[in-house]
Every structure is written in C-alpha cells, then in structure tokens.
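**Student:** 3D model of this:
(2 chains)
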Amino acid sequence: IAGITQAPTSQILAAGRRMTLRCTQDMRHNAMYWYRQDLGLGLRLIHYSNTAGTTGKGEVPDGYSVSRANTDDFPLTLASAVPSQTSVYFCASSGTGTSSYNEQFFGPGTRLTVL
Amino acid sequence: GDSVTQMEGPVTLSEEAFLTINCTYTATGYPSLFWYVQYPGEGLQLLLKATKADDKGSNKGFEATYRKETTSFHLEKGSVQVSDSAVYFCALSDRGFQKLVFGTGTRLLVSP
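**Tutor:** Okay, here's the model as predicted:
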C-alpha cells in the first residue's frame, strides 16, 4: 500500500513556466488537500477538495489551480511560476466518515524552486 | 480567524530530558486539536489528538491535554530520545470541518 505519492520529488523551474505537481492516493479517501510549507510560516492550505468533482480555495490560492476528475488524483498547477512560489508542497488526504475528525495523511512532498 | 501559536525553536535537549513544547490557539468555535510530527525528509504524521476540553491525547510517550480555560495544548514527554528529533506542529480543526490550521512548527534536536 503506497498511501499518497507525489511527483516530482524536486524541481527547479524558470519563472514564467507552467508546472503541474502530481498527487495520487490509493486509500479511496474523499477529501484531498494541497499545502505549502515555508520556513517560519508552517503549513498553509492552498486548495482542497471534499469529493471528486468539487474544489475549494484555501488560505493562499492565488497563482494556483487544482482539478479533481476522480477520487485518486489531485494535481496542482502553477500557470506561470514566480519566485515566491518556491516552497515545499505537500498533498494530503482524509476520509469523510461519521467521526468528528478524519486524520489527514500526508505525502512525502515536492520541493519546488522557481528561479 | 482561527490561529495557532507555537514556541519558537529550535529546542535542544539531551537524551532522557523532559520535553515541553508550548501551543496556544485562537478559535471561534470548539476546535479539535492535534500534534503532527515531521521527521527529516518526510511528510507530516499525526502524533496525537484531542477533540474536546480536558481530553488527553497520547502516543509514543508524548502527551498533550486540551485546556479550554487557557486555550492551550502543550506537548510533553518525560524522557526524550535521539529518534524524537523532528519538527513538531500544533494544529486545530473546527468541528465539522476537515481543514487544518497549523502553527509554525518547533524543531526539536536531541543529542546523545
């Protein structure tokens, strides 16, 4: 069981280029999330999806877009990368059962550098 | 809006020392509280959680008690090990919502 996989592991990107970060989960979780992790700021939510076909904006959505065509995949796209998007990006997923909280499981992260 | 404040690190301890990492929160509702741990080069893992006031979460020797009166959720461990070296994140989630609000993280360094 892989859990959550992310690709690529790391990437150096020229400013202005388009980039898609991939995220796939095999736990059949309904909800998925994208966070960015920056030193001194912790993790901040970029976008989320409560179920396939729906998405929502998090705390820092500008410059990013997502899609959720199916349960397993939740790609994050930077349409035109800027240096301030240099960060480590984490994908996460959780079930949406009857308990008051469903644990979020995190992928290993993608380290993105925009020059 | 909701927020979480953690003590700044790094926290540097010798093996078998007592650990406390402070965490306080601000929330409009009645949140659930969590501690996540991030080992070097890895994603975050849930360490423990508490869903209502006075609950104590515990795991791997770590404990934290949900204190509504002081809006705190301090992480403690009686005797740390070198393998506990990691970054620890306090987080909250408002009831009924799945989205997490994280603190900035506290790096713990344990030396032999």
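**Student:** From now on I want contacts and neighbour counts done on CA atoms only, so please keep to that.
**Tutor:** Noted.
**Student:** State the pLDDT value of the residue of chain A found nearest chain B.
**Tutor:** As assessed by Cα to the nearest Cα, chain B sits closest to A:Gly42 within chain A, at 3.7 Å. The predicted local distance difference test score for A:Gly42 is 87.
**Student:** Tell me the spacing between it and A:Asp26.
**Tutor:** Counting by Cα to Cα, to the nearest Å, the separation of A:Gly42 from A:Asp26 is 26 Å.
**Student:** Which one's more surrounded, those two?
**Tutor:** The residue with more neighbours, out of A:Gly42 and A:Asp26, is A:Gly42; 18 against 14, by other Cα atoms under 10 Å in any protein chain shown.
**Student:** Could you report the neighbour count for the nearest residue to the more buried one once chain neighbours are set aside?
**Tutor:** Spatial nearest neighbour of A:Gly42, chain neighbours left out: B:Thr104 (3.7 Å); criterion: Cα to Cα, 6 or more residues apart in numbering or on different chains. Other residues near B:Thr104 come to 25 when the count uses other Cα under 10 Å.
**Student:** and B:Thr104, what are its phi and psi?
**Tutor:** Torsion angles at B:Thr104 (phi, psi; degrees, to the nearest 10) stand at phi -80, psi -10.
**Student:** if we can go back for a sec, the residue of chain A closest to chain B and B:Ser58, how far apart?
**Tutor:** Using Cα to Cα, we find A:Gly42 at a distance of 23 Å from B:Ser58.
**Student:** any idea how far the residue nearest to A:Pro75 when sequence neighbours are not counted lies from A:Thr110?
**Tutor:** Among residues not flanking A:Pro75 along the chain, A:Arg22 sits closest, at 4.6 Å (Cα to Cα, 6+ apart). Here the criterion is Cα to Cα. By it, A:Arg22 lies 9 Å from A:Thr110.
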